[in-house]
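Visitor: predicted structure and sequence below. I'll ask about it afterward.
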Amino acid sequence: MKNLSTPPSMGREQNQRDKTLDSTLRPKNWDGYVGQEKIKKNLKIIIEAARKRKEAPDHLLFYGNAGLGKTTISHLIAREMGADIRVVSGPAIEKAGDLASILTNLAEGDVFFIDECHRLNRIVEEYLYSAMEDFKLNIVVGRGPMAQTMEIELPKFTLIGATTRIALLSSPLRSRFGATFQLNFYEQKDIEKIIQQSAQILKTKIDIEAIQSIAARSRFTPRVANRLLKRVRDFAQVEEKEIITKNITEKALGFLEIDEKGLELGDRKILETIIKKFGGGPVGLQALAATTSEEKDTILDVYEPYLLSIGFIERTPKGRIATNLAHQHLGISCKRSGRLI
């Protein structure tokens, strides 16, 4: 095989191209958005009712694991409303002035999308309450005895919040959303449709077995499926193959060290640590993070949701346990409480 090493500058260019492609691969209408059928039906009703009343839809909150389509569905809502969307990350709004600058520049009916809204500054969040309820912004100008409150009228807008950690969202903020939706992991058949659509957009030829192989390793997440498709496409181009076949796909994914369940090095390291160093568990999150040299938030947000969904780990009051399925997948036996698993 040809040399696949990439200089740092080319790596940065690749990342930029990937970001552009991610935007290109986003569906442009409801028909192109595969999966999450119940959420789509509810949103269609909310948008249609608001359109008939000639009002902005209620504020909406989406939560779920990263890569399931929270940002994509927010862009679709704006498109269906015929409105512009302003996208910002929660931590980027550092002070009330930042929030005021964004809100006062919105037009009537616009969508204001806050990603990772659980990471909003608490002071900023309190200013957001009146903006969401009354479409007014009350800002304190000056300090001490000379301080005055300024009330700013805002256009009627729709706030869409997205979070991967809804438990960290404060109750006052959560209660101000008109509807809350949870995005779940996708079905295999839906992931296959997404890969097929993405391959057409990328003008890449791929056979059905290759699609099934990528889908099986996608962690049931569209973002991961598209990422794997792009990496397999790169591999096929280096190998000078015009069509992505199952054989090329498995070679590429093997090169990336992604197994048939979609587990990557980080996943296997966590499972092997639980099994080999802690006898299969239970093990606390802090001990697991310290032993694997991973951040606790990374384990909670990146690795654990998928491992839980496929039944490879269990949460107990005493900590995480590696299940029989995990032992069988890794081919490792373990004694727990005197019994061989």
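Guide: Arrived safely. Since the structure is predicted, the reported quantities are computational estimates derived from the model, not experimental observations. Residues are numbered from 1 along each chain as shown.

Visitor: now the phi/psi pair for residue 138, please.
Guide: Comment: the main-chain dihedrals of residue 138 come out as phi -100, psi 110, following degrees, to the nearest 10.

Visitor: just the pLDDT for it.
Guide: In the prediction, the pLDDT value recorded for residue 138 is 79.

Visitor: that one reaches residue 126, doesn't it?
Guide: No: at 9.8 Å, residue 138 does not count as touching residue 126 under the criterion of CB atoms under 8 Å. Using the backbone N, CA and C atoms, a C-beta is placed for each residue, glycine as well.

Visitor: state the distance from residue 309 to residue 221.
Guide: With the distance defined as CB to CB, to the nearest Å, residue 309 ends up 10 Å from residue 221.

Visitor: give the residues shared as contacts by these two.
Guide: With CB atoms under 8 Å, 6 or more residues apart in numbering applied, the overlap between the contact sets of residue 309 and residue 221 consists of residue 185.

Visitor: looking at those two, which is more packed in?
Guide: For residue 309 versus residue 221, the count of surrounding residues by other CB atoms under 10 Å is larger for residue 221: 22 against 13.

Visitor: now the more buried one: phi and psi?
Guide: phi -130, psi 120.

Visitor: state the phi and psi torsions of the closest residue to it other than its chain neighbours.
Guide: The shortest distance from residue 221 to any residue other than its chain neighbours is 4.3 Å, reached at residue 67 (CB to CB, 6 or more residues apart in numbering). Per-residue torsions, residue 67: phi 90, psi 10 (degrees, to the nearest 10).

Visitor: confirm residue 315 sits in a helix?
Guide: No: the secondary structure assignment for residue 315 gives strand rather than a helix, going by DSSP: H, G, I helix; E, B strand; the rest coil.

Visitor: pLDDT below threshold where in the stretch 101-250 of the chain?
Guide: Across the stretch 101-250 of the chain, residues meeting the criterion (pLDDT under 70) sit at 140-148.

Visitor: on the three-state scheme, the residue nearest the centre of the chain is what?
Guide: The C-alpha lying nearest the average C-alpha coordinate of the chain belongs to residue 66 (CA atoms, centre = their mean; 1.9 Å). In three-state terms, and counting by three-state DSSP, residue 66 is coil.

Visitor: which residues does the residue nearest to it when sequence neighbours are not counted contact?
Guide: Counting by CB to CB, 6+ apart, residue 66 lies nearest to residue 164, which is 5.5 Å off, once chain neighbours are set aside. When the contact criterion is CB under 8 Å, 6+ apart, the partners of residue 164 are 63, 64, 65, 66, 116, 118, 301.

Visitor: make a markdown table out of those residues and add distance to residue 268.
Guide: Formatted as a markdown table, the entries for these read as follows, by distance: CB to CB, whole Å:
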| residue | distance to residue 268 |
| --- | --- |
| 63 | 28 |
| 64 | 24 |
| 65 | 19 |
| 66 | 20 |
| 116 | 27 |
| 118 | 29 |
| 301 | 18 |
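
Visitor: ok, back up a step: go ahead and confirm the residue nearest to the centre of the chain touches residue 224.
Guide: No: the criterion here is CB under 8 Å, and residue 66 misses it with residue 224 at 9.4 Å.

Visitor: tell me where the stretch 201-341 of the chain has strands.
Guide: Using DSSP state E, counting those that start in this stretch, the strands of the stretch 201-341 of the chain run over residues 205-206, 243-244, 313-316, 319-322, 335-336, 339-340.

Visitor: packed most tightly, which of those would that be?
Guide: Burial among the strands of the stretch 201-341 of the chain, expressed as mean neighbours by mean count of other CB atoms under 10 Å, is greatest for strand 319-322, which shows a mean of 23.

Visitor: what's the local residue count around the residue nearest to residue 214 when sequence neighbours are not counted?
Guide: Taking CB to CB, 6+ apart as the measure, residue 214 lies nearest to residue 228, with 5.1 Å between them; neighbours along the chain are not counted. Using other CB under 10 Å as the criterion, residue 228 is surrounded by 23 other residues.
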